[in-house]
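> how would this look folded up:
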Amino acid sequence: MLISEKFKAIRRAEGLTQAEFCKIIGISMSTLKKLEGNHNEPGWTTLQIITKNPRFEKYALWLMTDKVAPSAGQIEPALTHSGLDQSEVTSRARTIAKMKSSQFDQKIG
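The predicted structure is shown next:
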């Protein structure tokens, strides 16, 4: 998944408009549109602002590496705001991580 798609996924999982997301992370609308449109890559400062924000820090590992670590509270946006409580989200994230791991093992094994 492209970083532009990840930005959109995080914003949408949190139920935020572009304007709301910009206000929270402190970037201009034009910057966000360039990032989400895959016209610009985010700089280190922008990535830090997002990953250090208490609302978005749960996506830090996924944003940077495509991995999740539910036991450490690191999930992917698809599991957020799905109507599940935190324990169900953690359980599903673990299941997805195991599935991805077994698919990887099958590919290399």
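
> which strands and helices sit next to the helix or strand where Thr31 lies?
Secondary structure from DSSP states H and E places Thr31 in helix 29-36. Contacts defined by 3 or more C-beta pairs under 8 Å, 6 or more residues apart in numbering; DSSP states H and E place helix 29-36 against helix 3-13, helix 18-25. For glycine as for every other residue, the C-beta is placed from the backbone atoms N, C-alpha and C.

> if you set the cut-off to 10 Å instead, what comes out?
Helix 29-36 sits against helix 3-13, helix 18-25, helix 44-52, with contacts defined as 3 or more C-beta pairs under 10 Å, 6 or more residues apart in numbering; DSSP states H and E.

> Next, the angle from that helix to helix 3-13.
Angle of helix 29-36 versus helix 3-13, following axes from the mean of the first three to the mean of the last three C-alpha atoms, to 10 degrees, is 120 degrees.
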